[in-house]
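Engineer: coords please:
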Amino acid sequence: MHSVSSQTETFTDVSDRMTKLKDELKELQDSFGKKGFIPENISNDTQMKALTSFTKERFSCVYSFLNVEEDLQTGNFCKRPVDIFFLFLVKLRTGISNEFLSVLFEISDSTVSRYFTFVMTVLYEKLKLLHIFPSKSKVVESMPRQFYSENRDCRVIVDCTEFPIQKPNSPAEQQMTFSFYKNTNTLKGMIGIMPSGTISFISPLYCGSISDKELFIKRYQMYK
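Structural biologist: Numbers count the residues shown, from 1 in each chain. Modelled structure (predicted):
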């Protein structure tokens, strides 16, 4: 069990990382000046990885692979599709505020929100078509030798995880989303990994009051 002090240290570490990221982003903004905060102006892989988790080359590969350019053009936005995708990844990677991103990209914070939501919707529609749950033969093929000798019939290892959310206004929704385990309002999902460690299943999110057992029963058919 973690002590209160260790939890406080963890929160402090997160806060320190966020402050460091804000400082790095501010330095980048100052260095770009009038050139604009766009992928082409990111000078090296270190900066690009700090912003998106990808190298410059990998960023281009992912953007091309997802084939989202035409989809992002349908939003009739003032920014190029690649810039909107870049904004999405920066937000996802750093968790920086919409207000701060609005300064970097020279748009309003409400536009930042619209861009982020739009890209998220486009990616969801594309990625939900991927069937990531592998066949049993694929699981066995990638299974670590020691694991295979003792648990060769294991196909997936599941666990539940929770995400804190803003407290709903409705008392009924407050009750449905309240997690006694986290002592706050959450959404809960189930994640499955192969014995090799590869994520093979992600469930939809449910209200935080649901038990792990109930959630597993709801998703049981996915494992057959």
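
Engineer: okay, CA-based contacts and neighbour counts for the rest of this
Structural biologist: OK.

Engineer: distance-wise, check the spatially most central residue of the chain relative to Phe86.
Structural biologist: Nearest residue to the geometric centre of the chain (C-alpha atoms, centre = their mean): Leu92, 6.1 Å. To Phe86, Leu92 is 10 Å away according to C-alpha to C-alpha, to the nearest Å.

Engineer: where do the contact lists of the two overlap?
Structural biologist: Thr52 (C-alpha atoms under 8 Å, 6 or more residues apart in numbering).

Engineer: residue boundaries of the strands in the chain?
Structural biologist: 157-164, 178-179, 184-193, 199-202, 206-207 (DSSP state E).

Engineer: nearest to Asp71, out of the ones you listed?
Structural biologist: Evaluated with C-alpha to C-alpha, the strands of the chain place strand 199-202 nearest to Asp71, the distance being 24.6 Å.

Engineer: return that closest one as CSV; C-alpha atoms alone will do.
Structural biologist: What follows is strand 199-202, C-alpha atoms only, in CSV (Å, rounded to 0.1, in the frame of the first residue of the first chain):
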residue,chain,number,x,y,z
ILE,A,199,-2.0,-4.8,-25.6
SER,A,200,-4.7,-6.9,-27.3
PHE,A,201,-8.0,-5.6,-26.0
ILE,A,202,-9.4,-2.3,-24.8
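
Engineer: now do the buried residues in that strand.
Structural biologist: For strand 199-202, a neighbour-count test (16 or more other C-alpha atoms under 10 Å) marks 199-202 as buried.

Engineer: swap in stretch 78-98?
Structural biologist: 81-91, 94, 96, 98.

Engineer: same question, stretch 168-177
Structural biologist: Here stretch 168-177 shows 174, 176-177 as buried, counting by 16+ other C-alpha under 10 Å.

Engineer: which residues of this protein score low on pLDDT?
Structural biologist: 1-9, 26-35, 220-224 (pLDDT under 70).

Engineer: care to break it down by domain?
Structural biologist: 39-128, 136-222 (the TED database).

Engineer: distance to Leu21 added to those domains, as TSV?
Structural biologist: Shown next, in TSV, are those (distance: least, C-alpha to C-alpha, whole Å):
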stretch	distance to Leu21
domain 39-128	7
domain 136-222	22
